[in-house]
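**Q** no letters, just coordinates:
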């Protein structure tokens, strides 16, 4: 789940000159949680003056449908697929929840506080391929957020609750242990322009359209798709990608289902 999207959203529309800079917020967050044992609260600039109800109205009006961009099919090397069970059975290995051979993290399933894998090497390698192919078609993609520790997420989540209240925060931020970023398999992507301006603006770009229809070819899915908040528990985030593998990501993409639906967890 993005650590930045909702703060940027609550500061106004794209023409609002008081929007947060993505880089400034991310740099600030990283500096304030660099010591894993430091549980002091994160502080963000108190520029958000809108009420939670106003925020909800703004979310509803700013989420505009995008048209999937046509793309040129590129050959990719398929990874061997695991035998992905779709029976909804979650198994725990060393305290880590798995479904269909993949780590599952959501509102119901969480990771231990000491689970610290860092960013997956395979996920990074596949993103690099996607980034190169996107660039060859005129779309520049960058990673703006990747692995986050339990403590990092704990401080971040508490800060959002203080800023917006728990009900609003739960729509865009995960409690510690429940963030996909702790798996090391999730990345938030953007264009350089949307990274500097507003993460929500990424969803209105042609680069976002390209990602939506091509990410599965590199093993990623858009984890929190539009119209599925009642299933995932989170608002639409076209920038939040989850790595599985090429085979399973393609199956989920073609099914038009979320992980929860595909593996019969909902």
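**A** Cool, got the structure. Bear in mind the structure is a predicted one, so any value in this text is a computation, not a measurement.

**Q** which elements pack onto the one helix or strand residue 152 maps to?
**A** Applying DSSP states H and E as the criterion places residue 152 in helix 150-164. On a contact count with 3 or more Cβ pairs under 8 Å, 6 or more residues apart in numbering; DSSP states H and E, helix 150-164 meets helix 5-10, helix 22-32, helix 166-169. (Each C-beta comes from the backbone N, C-alpha and C, glycine too.)

**Q** now do the SS call for residue 98.
**A** Per DSSP: H, G, I helix; E, B strand; the rest coil, the local secondary structure of residue 98 is strand.

**Q** so what's it closest to, chain neighbours aside?
**A** Excluding the flanking residues, the one nearest residue 98 by Cβ to Cβ, 6 or more residues apart in numbering is residue 91, at 5.1 Å.

**Q** quick one: contacts for residue 220?
**A** Applying Cβ atoms under 8 Å, 6 or more residues apart in numbering, we find residue 220 in contact with 123, 126, 127, 130, 241, 242, 243, 244, 249.

**Q** for the one helix or strand the fifth one maps to, packing partners?
**A** According to DSSP H and E, residue 241 maps onto strand 237-243. Judged by 3+ Cβ pairs under 8 Å, 6+ apart, the packing partners of strand 237-243 are helix 121-136, strand 186-190, helix 206-214, strand 220-224.

**Q** contacts for it next, please.
**A** Outside strand 237-243, the residues that reach it (Cβ under 8 Å, 6+ apart) are 1-2, 5, 66, 120, 122-123, 126-127, 144, 172, 180, 185-190, 199, 202-203, 208, 211-212, 215, 219-224, 226, 249, 259.

**Q** got it, and stretch 86-98?
**A** Stretch 86-98 is contacted from outside by 99-100, 103-105, 109-112, 115, 262-265, using Cβ under 8 Å, 6+ apart.

**Q** now do stretch 166-183, average pLDDT.
**A** Stretch 166-183 carries an average pLDDT of 97.

**Q** would you mind measuring from residue 128 to residue 199?
**A** To residue 199, residue 128 is 21 Å away according to Cβ to Cβ, to the nearest Å.

**Q** try residue 104
**A** 25 Å.

**Q** and residue 151, by the same measure?
**A** Counting by Cβ to Cβ - residue 151 and residue 199 are separated by 23 Å.

**Q** so for these two, which residue has more residues nearby?
**A** Taking neighbours as other Cβ atoms under 10 Å, residue 151 and residue 199 compare with residue 199 leading, 28 against 17.

**Q** my guess is residue 216 contacts residue 248. True?
**A** No - between residue 216 and residue 248 there is no contact under Cβ atoms under 8 Å: 9.1 Å.
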